[in-house]
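**Student:** Model the following, please.
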Amino acid sequence: MAKYFEQDMRERISASAILAGRLGEPVTAAHSSVEAKHVVLTTAASTAIAMPGHRILLSVEINSPNRMHVYAPGVKGYIPVEWNMDLTGGTRSEPVLFPAPEKLYLKPIKEIALVYRRKVRLTREITFGQENALKPFVSPSGELVLKGWFRYQACNDRECYLPETVPIEWRFQFQGMERKRVPVELQRKGR
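**Tutor:** Alright, predicted model coming up:
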């Protein structure tokens, strides 16, 4: 059991972020894939709805082919994976949560490097800005797009490739705050 307290009453963690981030539920909303030169990147979010002040969980899953790896943060002499966001409308981002890397012995150069292989998921929480700040970025159809980019250097057991920077995005349906008053028949009457 846990309780969540916020500094600002206009900001709150969404139920979907709690289920995905804290309880391990899959992150499957706002899902899209990008085939880069050496890996497939799959983006997802804990919800497909963008609500002002809601904190949600974003993810980037890296799928590397067999015998291919990318470098993890903390590696020396190579370019580690990097995930940056272009935040709009007062949206804020928390740091990326990286899974524990694997130590890989690179036989030709007799070094040990920190890497990610096969399938690995990175996550980060973002908090959407307030309604008046987000609205200018909402399309006429009600869609809000968050964009970012992902940088990596891939290697296999024979060669390392040039670093790649790949644009990534998440698409949400914007839902503003409910401002309608309670119908008269449901309002409390003075005592």
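**Student:** Quick check: closest non-adjacent residue to Thr88.
**Tutor:** Phe137 (4.9 Å; Cβ to Cβ, 6 or more residues apart in numbering). Where C-beta positions appear, they are placed from N, C-alpha and C, glycine not excepted.
**Student:** Nearest residue to the middle of the protein?
**Tutor:** By Cα atoms, centre = their mean, the chain has its centre lying nearest to Leu58, at 2.5 Å.
**Student:** re the thing from before, for the residue nearest to Thr88, grab phi and psi.
**Tutor:** For Phe137, the backbone dihedrals (degrees, to the nearest 10) come out as phi -100, psi 0.
**Student:** What are the neighbouring residues in contact with it?
**Tutor:** By Cβ atoms under 8 Å, 6 or more residues apart in numbering, Phe137 lies in contact with 88-89, 144-145.
**Student:** go again using 7 Å as the cut-off
**Tutor:** Phe137 sits next to 88-89, 144 when contact means Cβ atoms under 7 Å, 6 or more residues apart in numbering.
**Student:** Filter these down to just the buried residues.
**Tutor:** Among those, those buried by neighbour count (16 or more other Cβ atoms under 10 Å) are 89, 144.
**Student:** Nearest to Phe150 among the contacts of Phe137?
**Tutor:** Checking these against Phe150 by Cβ to Cβ gives Thr88 as the nearest, at 18.1 Å.
**Student:** Okay, helices next: where are they in the chain?
**Tutor:** Along the chain, counting by DSSP state H, helices occupy 15-17, 131-134.
**Student:** least reliable of these going by mean pLDDT?
**Tutor:** For those, mean pLDDT drops lowest on helix 15-17, to a mean of 51.
**Student:** ok, which stretches of the protein are strands?
**Tutor:** Secondary structure of the chain (DSSP state E): strands located at 12-13, 29-35, 40-45, 49-50, 54-63, 68-71, 82-86, 92-93, 102-106, 111-117, 119-127, 143-152, 154-156, 164-174.
**Student:** Format those as TSV; extra columns: distance to Lys189 and mean pLDDT.
**Tutor:** Listed next are the strands of the chain as TSV, based on distance: least, Cβ to Cβ, whole Å; pLDDT from 0 to 100:
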stretch	distance to Lys189	mean pLDDT
strand 12-13	31	50
strand 29-35	42	72
strand 40-45	43	91
strand 49-50	35	86
strand 54-63	34	90
strand 68-71	64	90
strand 82-86	49	93
strand 92-93	42	90
strand 102-106	66	83
strand 111-117	62	85
strand 119-127	38	92
strand 143-152	40	93
strand 154-156	68	87
strand 164-174	36	92
